[in-house]
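S.K.: Have a look; sequence and predicted model below, questions after that.
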Amino acid sequence: LRRGRPTVHKAYDEATAILVGDALLTLAFNVMARNEVHADPAVRVALVVELARASGLGGMAGGQMLDLAAEGRFEPKRALSEKEIATLQAMKTGALIRFACRAGAILGKADMAALADIDRYGIAIGQAFQIADDLLDVEGDTKTLGKAAGKDAAAGKATLVTALGLQGARARLKELLAESDSALTRFGTKADTLRAAARFVAERRT
């Protein structure tokens, strides 16, 4: 389930779901390359390159492969270290969240120092999103979440909640929220929307 509805591979079939994923990823590159995104072609090229890095071998696709390996798909299952779990998660959803943050800075032609701070922010909220998601999987219910609760434990997935415990994961989430806020210091009140986004990521209930 996602948002209370069957996922594509359940509503239709696995082949359709894979093709839909291929089509949507390709569409994303189409959107990034369009003239209306930015008048400067160098900016559009930078966006395409960043998205390729975030979604490819060093990002989402590679992270998903590590996740499959952690489930014991290719070799005997073993417990992952906290660092290994953080790397896996940073390469999956975290890479796309980080890209979304960097993309805004690239569109605004931010200087290197500002881009570095936005990057720090993106890394922090990417990690925070995943920890919050893992906590919801343990503490939430299917009706509220709109997706199956408890699926990580059932699948034996490696998460920071299993590595750190509930209290440790909550403490880490608090640290990441502070890190995201610190990264935005130079922008003052102009970054209040980003601060609100970080709080939403950390405190969401669905």
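M.R.: Received the coordinates, thanks. Numbering: from 1, shown residues only.
S.K.: Got the confidence number for the most centrally placed residue in the chain?
M.R.: Geometric centre of the chain, nearest residue: Thr93, 2.4 Å, by C-alpha atoms, centre = their mean. Per-residue pLDDT puts Thr93 at 91.
S.K.: what do you get for the one 10 residues further on?
M.R.: Reading off the confidence values, Ala103 has pLDDT 98.
S.K.: That one is in contact with Glu50, isn't it?
M.R.: Yes. If you go by C-beta atoms under 8 Å, Ala103 and Glu50 touch, sitting 6.4 Å apart. Placement of C-beta: from N, CA and C, glycine included.
S.K.: Now do the biggest helix by length in the chain, average pLDDT.
M.R.: Secondary structure assigned by DSSP state H gives helix 112-139 as the longest helix of the chain. Averaging pLDDT along helix 112-139 gives 96.
S.K.: what distance separates that helix from the centre of its chain?
M.R.: From the chain centre to the centre of helix 112-139 is a distance of 7 Å (C-alpha atoms, centre = their mean, to the nearest Å).
S.K.: right, and the helix or strand after it?
M.R.: Going down the chain from helix 112-139, the next helix or strand is helix 142-145, by DSSP states H and E.
S.K.: Packing partners of whichever helix or strand comes after that next one?
M.R.: Remark: after helix 142-145, the chain's next helix or strand is helix 151-155, criterion DSSP H and E. With contacts taken as 3 or more C-beta pairs under 8 Å, 6 or more residues apart in numbering; DSSP states H and E, helix 151-155 sits against helix 112-139, helix 160-183.
S.K.: Now the lowest-mean-pLDDT helix or strand in the chain - C-alpha only, PDB.
M.R.: Least confident element among the helices and strands of the chain, by mean pLDDT, DSSP states H and E: helix 151-155 (a mean of 72). The C-alpha coordinates for helix 151-155 follow below in PDB (Å, rounded to 0.1, in the frame of the first residue of the first chain):
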ATOM      1  CA  LYS A 151       7.100  -4.400   7.100                       C
ATOM      2  CA  ASP A 152      10.800  -3.500   7.800                       C
ATOM      3  CA  ALA A 153      10.900  -5.900  10.800                       C
ATOM      4  CA  ALA A 154       9.000  -8.600   9.000                       C
ATOM      5  CA  ALA A 155      11.500  -8.400   6.100                       C
END
